[in-house]
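Undergrad: sharing a model that was predicted from the sequence below.
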Amino acid sequence: MNFAICIPTLNARPQWARLTEALRAQTMQPSEVLVADSESDDGTAGLAAGEGYRVMSIRRREFRHGGTRQLMAEQCDGAEVILYMTQDAIPASERSMENLLASFADDDVAAAYGRQLPHQGAGAIARHARMFNYPARAEVRTREDAARLGIKTIFFSNSFGAYRRSDLMAVGGFPREVNFGEDTVMAARLLLTGKKIAYAAGAEVYHSHDYSWRQEMARYEEVGRLHGEEPWLRESFGGAGGEGLRFVMSEAAYLVRHAPGQLPAALLHTAAKYYGYRRGLRRARRKAL
């Protein structure tokens, strides 16, 4: 399969050696690797060029998660599949790419994302989040799964996610001005056209974050803003309340078994997420008035 790897970067030197070593070891190699570098000041662009990657320069103030990825898709016009990664997503095996791309053997699969494992040394809260959101069981979702999964139907991650380029372009590509949740919007658009989304549990990368409660609040404010500014997402696939409660119950059970001392921190994180999400919704509503 002719595929391109696209990686937005900003000061990626700390992860660069691990990332490039893992990419070189893959059983399936891309036709090209395209790096969109946002004015790194640690030599990332030079490192990428030294690997033989094609490098685009993006002004840091002009970077948008949606717009930059759409620009990269337009640059890769010869690729059947575009595989997006982030600089801190490290393939966990030499077959990570192969296992992800196998999803496209089904012509109705328009996008596929892989399993994210916690980095070595990740805290218990981060480990549980990866276990909950990226289970060991693969699945293929359609629009009809909204009755069962609600908003989880359109869960997707561009940290290690691939798109059939023709399907991506057929729905207009990534929303250019969106700077958070562009992968969610794309998954929803594709499902609404009758396409399928695959979760390839056998395609693994190491990728996790130990967020503070303030960072969690800021992230969930962005989620709330997205849901408020794009109300069709919840109208088409349902709200997030049930999934949120299921996550909290799962997290509490996990921490009781593995890290009971983290329960107070988890409670604070949950409150921060809820407050941030509601704040984001309110901001979106005020903006619409």
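TA: In hand now; what should we look at?
Undergrad: tell me the secondary structure at Gly121.
TA: Following DSSP: H, G, I helix; E, B strand; the rest coil, Gly121 is assigned to coil.
Undergrad: list the contacts of it.
TA: With contact set as Cβ atoms under 8 Å, 6 or more residues apart in numbering, Gly121 has no partners. No exception for glycine: its C-beta is placed from N, CA and C like everyone else's.
Undergrad: ok, now with 10 Å
TA: Residues counted as contacts of Gly121 (Cβ atoms under 10 Å, 6 or more residues apart in numbering) are Ser208, Asp210.
Undergrad: can you pull the pLDDT of it?
TA: Note on Gly121: pLDDT of 95.
Undergrad: and the longest strand for the chain?
TA: When the chain is parsed with DSSP state E, its longest strand is strand 196-206.
Undergrad: quick one: distance of the helix or strand just after that one to the chain centre.
TA: Counting by DSSP states H and E, the element after strand 196-206 in chain order, helix or strand, is helix 213-229. Helix 213-229 has its C-alpha centroid displaced from the chain centroid by 15 Å (Cα atoms, centre = their mean, to the nearest Å).
Undergrad: buried ones in helix 213-229, by neighbour count?
TA: Judged by neighbour count (16 or more other Cβ atoms under 10 Å), helix 213-229 contains these buried residues: 213, 216-217, 219-221, 223-229.
Undergrad: name the SS class of Ala111, please.
TA: Using three-state DSSP, the structure places Ala111 in strand.
Undergrad: Phe160 is in contact with that one, correct?
TA: No: under the criterion of Cβ atoms under 10 Å, Ala111 is not in contact with Phe160, lying 11.8 Å apart.
Undergrad: what do those two both touch?
TA: In terms of Cβ under 10 Å, 6+ apart, Ala111 and Phe160 are both contacted by the residues Tyr84.
Undergrad: which helix of this structure spans the most residues?
TA: For the chain, the helix with the greatest residue count under DSSP state H is helix 263-288.
Undergrad: show me what that one is packed up against.
TA: Identification of packing neighbours for helix 263-288 by 3 or more Cβ pairs under 10 Å, 6 or more residues apart in numbering; DSSP states H and E yields helix 124-133, helix 213-229, helix 241-258.
Undergrad: so which of these comes closest to Cys76?
TA: The minimum distance between Cys76 and the helices and strands packed on helix 263-288 falls on helix 213-229, with 25.7 Å, by Cβ to Cβ.
Undergrad: CA atoms of the closest one as PDB?
TA: What follows is helix 213-229, C-alpha atoms only, in PDB (Å, rounded to 0.1, in the frame of the first residue of the first chain):
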ATOM      1  CA  TRP A 213      -5.600  18.900  37.100                       C
ATOM      2  CA  ARG A 214      -5.200  22.300  35.500                       C
ATOM      3  CA  GLN A 215      -4.100  20.800  32.200                       C
ATOM      4  CA  GLU A 216      -7.100  18.400  32.400                       C
ATOM      5  CA  MET A 217      -9.400  21.400  33.000                       C
ATOM      6  CA  ALA A 218      -8.000  23.200  30.000                       C
ATOM      7  CA  ARG A 219      -8.300  20.200  27.800                       C
ATOM      8  CA  TYR A 220     -11.900  19.500  28.700                       C
ATOM      9  CA  GLU A 221     -12.700  23.100  28.200                       C
ATOM     10  CA  GLU A 222     -11.600  22.600  24.600                       C
ATOM     11  CA  VAL A 223     -13.800  19.500  24.400                       C
ATOM     12  CA  GLY A 224     -16.700  21.500  25.700                       C
ATOM     13  CA  ARG A 225     -16.100  24.300  23.200                       C
ATOM     14  CA  LEU A 226     -15.900  21.800  20.400                       C
ATOM     15  CA  HIS A 227     -19.200  20.300  21.400                       C
ATOM     16  CA  GLY A 228     -20.800  23.700  21.800                       C
ATOM     17  CA  GLU A 229     -19.500  25.100  18.500                       C
END
